[in-house]
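**Student:** have a look; sequence and predicted model below, questions after that.
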Amino acid sequence: MADTLAIHGGNAVFDGPWPNWPQSNEATRRNLDAVLASHRWSISGQYRGEDSWEERFGRAFAAYTGARWCVPASTGTASLTMALEACGVGAHDEVIVPGVSWVASASAVLGINAIPVLTDVDPRTGCLDPAQVERALTPRTRAITVVHLGSAVADLDRLVAVARKHDIPLIEDCAQAHGARYDGRHVGRFGAAGAFSMQHSKLLTSGEGGAVITDDAALARRLAHLRADGRTFSEQPPALDEMALVETAEIMGSNYCLSEFHAAILMGQLEPLDDQLAQRRRNAEVLDGLLSGLGFAPQQTSAGTTARAHYTYVVGLPETLAREVGVERFAAALAAELHLPCKTMYAALNRNRLYQPFSRTRFALGKEFTDAVDPSRFHLPAADAFSRASLALPHRMLLADADAMARVAAAFEKVARSVDALRG
Ligand SMILES: *Cc1c(COP(=O)(O)O)cnc(C)c1O
C-alpha cells in the first residue's frame, strides 16, 4: 500500500531546508554601501568624478555575454519595450510572440500599441516553433520575439534563418536565460537585440532590473535615449557636479533607468553567476536521468544548445497522470512532499488569466485593433498541451546538494504511485 501523501496528512519525503533565493554576498553589500556614500543614486544625478554603477554594469554585462553594447533598464518589461521601439516597431505593427511565456512577453508588445500575434510552440521545448512562425507572418509583421523558456533555448538556427529570409528583426526575450549558450555563444546575440530581466525570481537579480544587449551601435544609441527621456551620456566626462546626461533628443524616451543601487547589486551578483549556473546544470542532469527513468518527460532544449540555464526546472507528466490527476493536483501534492513551491507552467497566452488586453481602456484603439489583439482568435494546440502537462520547480532547488535530487525524484515517485488517492 502506498504511504499517505503529505497533502493528506502523511509524512513529507523531504522537509528541507532548501537554499534561498536571492542570495547576497560581500561584494553586493560593499557596492551598496558605496552607492549610499556616493551622493549619486541615479545616472540622472550629478557626476561625482567616477563612472556610474549603471555604466559599469552595462560594460560588465556586455563583456559577460560577449555583446558590443549593453543598455541597462529598470525592468525586463522596459527592456523588451525599448528593444521593440529601437527596432522601429510601433502602432498597429504585428509582432510574433510565443504562445507560452510570462504575460509580459505579450503585454510589452501591446504596451507600444502593437499587435501580439500569439504563435504556437515546439511541443518538446515549449519555445517558439519556426514552422509556425512562417505561417503566422503577414505583410504587417515587424518583429519576431522568441523566449528561451524555463531551461530551454529555442531553435535559433531556424529562427534566425526565417527572420533573415523575410528581413524582419528577431528579438530574443532572455529574461529566463542569463548565461545560456547556443552554438557556443550567449543567447541574446542571435538577432537584433536580446532583452533581459533582473526581477527577483531571475537567475541574475537586483529585485527589479533589466538590460538590452546588441552588437549594433545605432540600435544601442536609440536604446540609450529611449531609457533616459531622450538623453544619453556625453562623449567626454562632464565637469564635477554637472549632470552626466546630455539632452541630445535624437528620439523621445521614457524613464526606464536602472537605479545606482540596483546596478551596484548586479555588479556583486555577477560574480557567483557562472558557478551557480554550473551547479544547477549538474543537478538538473542528475534529475533528468532520475525522472526520465520514472516515466516523466524533462523539458528538452534545441539541438544547438551548448549550455542550458535553469530558470525553472520544467518537467512533463506522463499522459495518464496528466489526464487522470492533472498538473494542478500533482503540483500541490509534490509541493507538500518537498516543502517547496512546485507550480504548473504558465497557461497558453490565448487562455492566460493575466493576459487581458480589454481590461485596459488604453488599448481601445478601434475595432480593427481590438479584433487583431483578441486572444481568442489564436489557436495554440501545442502551447496548450505543453502547459497542461508541465510542472515548473524553482531554480533554488537546483542549488541544493546531489542527495536532494534523489529526494525530489522520490517525491515524484511517491505522488505518481498515489494516483488513486489523488483522483478527484
Ligand atoms: C520576467 C519575464 C519578463 C518581464 O520581466 P520584468 O522584469 O518582470 O518586467 C519578460 N519575459 C519573460 C520571459 C520573463 O520571464
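**Tutor:** Received it, and whenever you're ready, just let me know what you need. Small disclaimer: the values here were computed from a predicted structure and weren't measured. Numbers count the residues shown, from 1 in each chain.
**Student:** for the closest residue to the ligand within the stretch 1-150 of the chain, give me the pLDDT.
**Tutor:** Here the residue of the stretch 1-150 of the chain nearest the ligand is residue 76; by CB to the nearest ligand atom that distance is 2.3 Å. Glycine gets a C-beta too; all of them are placed from N, C-alpha and C. Residue 76 is assigned 98 on the pLDDT scale.
**Student:** got phi/psi on the residue nearest to it when sequence neighbours are not counted?
**Tutor:** Of all residues not flanking residue 76 in the chain, residue 197 sits nearest, at 2.4 Å (CB to CB, 6 or more residues apart in numbering). Main-chain torsions, residue 197, degrees, to the nearest 10: phi -120, psi 140.
**Student:** kindly state the pLDDT recorded for residue 197?
**Tutor:** With respect to pLDDT, residue 197 has a value of 98.
**Student:** pretty sure it sits against residue 78.
**Tutor:** No: Residue 197 lies out of contact with residue 78 (CB atoms under 8 Å); the separation is 9.3 Å.
**Student:** pull out the buried positions in stretch 145-160.
**Tutor:** Buried residues in stretch 145-160, defined by neighbour count with 16 or more other CB atoms under 10 Å: 145-156, 158-160.
**Student:** can you narrow those to ones near the ligand?
**Tutor:** Among the buried residues of stretch 145-160, the residues within reach of the ligand (CB under 6 Å from any ligand atom) are residue 147.
**Student:** which SSE is residue 118 in?
**Tutor:** strand 115-119 (DSSP states H and E).
**Student:** so how far is that strand from its chain's centroid?
**Tutor:** Centroid separation for strand 115-119 versus its chain: 18 Å, with CA atoms, centre = their mean, to the nearest Å.
**Student:** do that strand and the ligand meet at all?
**Tutor:** No: using CB under 6 Å from any ligand atom, no contact is recorded between strand 115-119 and the ligand, whose separation bottoms out at 12.4 Å.
**Student:** on the C-terminal side of that strand, identify the next helix or strand.
**Tutor:** Sequence-wise, the next helix or strand downstream of strand 115-119 (DSSP H and E) is helix 130-136.
**Student:** after that next one, next one along is what?
**Tutor:** Past helix 130-136, the next helix or strand by DSSP H and E is strand 141-147.
**Student:** also compute the angle for that following strand relative to strand 115-119, please.
**Tutor:** If you take axes from the mean of the first three to the mean of the last three CA atoms, to 10 degrees, strand 141-147 sits at 50 degrees to strand 115-119.
**Student:** so which elements touch strand 141-147?
**Tutor:** Packing partners of strand 141-147 (3 or more CB pairs under 8 Å, 6 or more residues apart in numbering; DSSP states H and E): helix 76-86, strand 94-98, helix 104-111, helix 156-166, strand 170-173.
**Student:** follow-up on the earlier one: got any residues that touch both of residue 197 and residue 78?
**Tutor:** Common neighbours of residue 197 and residue 78 are listed as residue 210 (criterion: CB atoms under 8 Å, 6 or more residues apart in numbering).
**Student:** ok, residue 325 - contacts?
**Tutor:** By CB under 8 Å, 6+ apart, the contact set of residue 325 is 317, 419, 422, 423.
**Student:** so which bits of the chain are right by the ligand?
**Tutor:** So the chain meets the ligand at 75-77, 101-102, 104-105, 147, 173, 175-176, 197, 199, 210 (CB under 6 Å from any ligand atom).
**Student:** ok, back up a step: next, count neighbours for the residue of the stretch 1-150 of the chain closest to the ligand.
**Tutor:** 27 (other CB atoms under 10 Å).
**Student:** if I pick the closest residue to residue 303 other than its chain neighbours, what's in contact with it?
**Tutor:** Spatial nearest neighbour of residue 303, excluding adjacent residues (CB to CB, 6+ apart): residue 155 at 7.6 Å. If you count contacts by CB under 8 Å, 6+ apart, residue 155 has them with 122, 125, 127, 128, 129, 130, 302, 303, 304.
**Student:** I'd like to know which of those are buried.
**Tutor:** Buried subset of the contacts of residue 155 (neighbour count, 16+ other CB under 10 Å): 122, 125, 127, 128, 129, 130, 302, 304.
**Student:** distance check, the first one against residue 325.
**Tutor:** Yep, that's residue 122 we're talking about. 25 Å (CB to CB, to the nearest Å).
**Student:** over to the second one?
**Tutor:** Using CB to CB, one obtains 24 Å as the distance from residue 125 to residue 325.
**Student:** and what of the last one?
**Tutor:** Separation of residue 304 from residue 325 (CB to CB): 35 Å.
**Student:** sorry, back to before: make JSON lines out of the buried ones among the contacts of residue 155 and add pLDDT and distance to residue 137.
**Tutor:** Listed next are those as JSON lines, based on pLDDT from 0 to 100; distance: CB to CB, whole Å:
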{"residue": "122", "pLDDT": "98", "distance to residue 137": "17"}
{"residue": "125", "pLDDT": "98", "distance to residue 137": "21"}
{"residue": "127", "pLDDT": "98", "distance to residue 137": "18"}
{"residue": "128", "pLDDT": "98", "distance to residue 137": "13"}
{"residue": "129", "pLDDT": "98", "distance to residue 137": "13"}
{"residue": "130", "pLDDT": "98", "distance to residue 137": "11"}
{"residue": "302", "pLDDT": "98", "distance to residue 137": "20"}
{"residue": "304", "pLDDT": "98", "distance to residue 137": "22"}
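**Student:** in those, find the pair that's most separated.
**Tutor:** For the buried ones among the contacts of residue 155, the farthest-apart pair by CB to CB is 129 and 304; their separation is 15.2 Å.
**Student:** thinking again about what came up before, beta partners for the residue nearest to residue 76?
**Tutor:** Note on residue 197: beta-bridge partners by DSSP bridges are residue 210.
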